[in-house]
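Chemist: fold the following for me, if possible:
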Amino acid sequence: MTDLKEEGSYRVDNSTLEKLNYIFYAGYADDEETLETIKNIYNNHGYLIDTHTAVGKKVLSQYQADSGDRHQNILLSTASPFKFAGSVLQAIRGVMKSEWLGETDLLAALAAATGNSIPENLNGLNEKEMIHKEVITRHAMRNHLLSKLTLF
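Modeler: Down below sits the predicted model:
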């Protein structure tokens with residue numbers, strides 16, 4: 001851990017690495033694979049998933065194919081598909097998110113396309129008070145975060 005602190009990284013011996021590789025599996029899904037996974041789950045099972053859950057499902061499938069593991073698995077959904085309405089709508093209907101289509105319109109379009117209800121906390125967003133008004137550019141993010149940190 002001293003190497004991590006001082007050098008920014010550390011190495012483990014081969015025995016430890018083999019144990020870690022036995023316990024952990026990592027993977028990824030690109031944008032196309034993510035949208036395809038959302039579409040397949042919806043078309044084959046009638047279940048609507050969000051983009052993060054789609055990545056988890058894709059990686060789980062990769063793991064099963066790579067390992068041959070046929071145990072039953074539980075994949076926990078991480079967010080509402082309505083949080084990513086534009087991407088989910090694109091996946092299941094092939095409709096690209098238009099620049100003129102607002103977020104609440106995307107929610108309504110996803111609800112209409114799938115028969116699912118807009119979650120209560122997202123319903124009526126246009127009527128809710130905006131509480132986070134500050135916009136921070138990517139280039140200003142580091143300084144902004146540093147200015148907000150409190151050291152104990």
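Chemist: tell me the contacts of the residue nearest in space to the middle of the chain?
Modeler: Central residue of the chain (Cα atoms, centre = their mean): residue 52, 2.3 Å from the mean position. Counting by Cβ atoms under 8 Å, 6 or more residues apart in numbering, residue 52 touches 78-79. Yep, even glycine has a C-beta here, placed from its N, CA and C like the rest.
Chemist: next SSE downstream of whichever strand or helix holds it?
Modeler: Residue 52 is part of helix 51-67 when elements are defined by DSSP states H and E. Next in sequence after helix 51-67, counting helices and strands by DSSP H and E, comes helix 85-93.
Chemist: any idea of the mean pLDDT for the helix or strand that that following helix is followed by?
Modeler: Following helix 85-93 in sequence order, the next helix or strand is helix 103-114 (DSSP H and E). Helix 103-114 shows an average pLDDT of 91 in the prediction.
Chemist: in helix 103-114, what's buried?
Modeler: For helix 103-114, a neighbour-count test (16 or more other Cβ atoms under 10 Å) marks 104, 106-107, 109-111, 113-114 as buried.
Chemist: ok, so of those residues, who is nearest residue 81?
Modeler: Of all the buried residues of helix 103-114, residue 81 sits closest to residue 110, with 7.1 Å by Cβ to Cβ.
Chemist: quick check: closest non-adjacent residue to that closest one.
Modeler: Spatial nearest neighbour of residue 110, excluding adjacent residues (Cβ to Cβ, 6 or more residues apart in numbering): residue 85 at 4.5 Å.
Chemist: and if you look at residue 126?
Modeler: Counting by Cβ to Cβ, 6+ apart, residue 126 lies nearest to residue 104, which is 5.3 Å off, once chain neighbours are set aside.
Chemist: so how far is stretch 62-80 from its chain's centroid?
Modeler: Centroid separation for stretch 62-80 versus its chain: 16 Å, with Cα atoms, centre = their mean, to the nearest Å.
Chemist: what's the span of that stretch, first residue to last?
Modeler: End-to-end span of stretch 62-80 (Cα to Cα, to the nearest Å): 23 Å.
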